[in-house]
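1. generate coordinates for the sequence data below:
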Amino acid sequence: MNIQDYVTHPFTKFDKDWGLLTVGVQDDFNSMTISWGGMGTMWYKPMIFLFVRPTRYTFEFLSRHDELTVSFYEDEYRNVLANIFGLKSGRDIDKAKEAGLTQKVLRDGVTYEEASETLVCRKLFIQPLNKNDFPELALQLYQGDKETNAHHLILAEVIRIES
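-> Down below sits the predicted model:
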């Protein structure tokens, strides 16, 4: 699919539809459910922006790899997105195996055969967000959180979209 022809619902794609962020390559990758992010243009490139806590196992892969995919699924997969990829750690289990998803190796990343669409991306930028700079409405989401840098912002260029 031509990236310029991609049509989606920008205000529900992450928050309501969810997706899987998969970072890495064939023999070194991890996936997690994401619900915060967006798409747009930056530095004259089609970009995706994501937010990942540094305590997540997938974050470790962001320090080693620039390859990442964001894949979206039909409603029948919502349970595995929530209860396996969203709650369990790849440090402890093979999430794809437990979820019954089939790994699909791409020349520049990893996704799953069951995905209805996959945005294949290259990480360009990562930076911690500092809670001291947050508005009050955002701080309410982090009450009791001891981490100063609640999430990191990841900017990735969308290289192609597969369906």
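2. what sits up against the lowest-mean-pLDDT helix or strand in the chain?
-> One helix or strand of the chain scores below all others by mean pLDDT, DSSP states H and E: helix 136-139, with a mean of 89. Outside helix 136-139, the residues that touch it by C-beta atoms under 8 Å, 6 or more residues apart in numbering are Lys131. All C-beta spots, glycine's among them, are computed from the backbone N, C-alpha and C.
3. only alpha carbons, please: show it as PDB.
-> In PDB, the C-alpha atoms belonging to helix 136-139 read as follows (Å, rounded to 0.1, in the frame of the first residue of the first chain):
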ATOM      1  CA  GLU A 136      -2.300  18.600  35.800                       C
ATOM      2  CA  LEU A 137      -4.700  16.400  33.800                       C
ATOM      3  CA  ALA A 138      -1.800  14.100  32.800                       C
ATOM      4  CA  LEU A 139      -0.300  14.000  36.300                       C
END
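4. give me the distance between it and the centre of its chain.
-> 23 Å (C-alpha atoms, centre = their mean, to the nearest Å).
5. the residue positioned nearest the centre of the chain bridge partners, please.
-> For the chain, Leu21 is the residue whose C-alpha lies nearest the centre (C-alpha atoms, centre = their mean; 2.8 Å). In this entry, Leu21 is beta-bridged to Met32, Val70, by DSSP bridges.
6. so what's it up against?
-> 31-34, 50, 52, 58, 68-70.
7. and for Asp17?
-> 9, 72.
8. sec struct for it, please.
-> coil (DSSP: H, G, I helix; E, B strand; the rest coil).
9. next one: it, what pLDDT does it get?
-> With respect to pLDDT, Asp17 scores 89.
10. format the contacts of Leu21 as TSV; extra columns: neighbour count, pLDDT and distance to Asp145.
-> As requested, those are exported to TSV (neighbours: other C-beta atoms under 10 Å; pLDDT from 0 to 100; distance: C-beta to C-beta, whole Å):
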residue	neighbour count	pLDDT	distance to Asp145
Ser31	29	98	24
Met32	24	97	18
Thr33	19	97	19
Ile34	21	96	18
Leu50	24	97	19
Val52	21	95	15
Thr58	23	97	19
Leu68	27	98	25
Thr69	28	98	28
Val70	26	98	25
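11. tell me which of those is nearest to Pro128?
-> Nearest to Pro128 among those, counting by C-beta to C-beta, is Val52 at 10.5 Å.
12. what stretches of the chain score poorly on pLDDT?
-> Regions of the chain meeting the criterion pLDDT under 70 cover residues 147-149.
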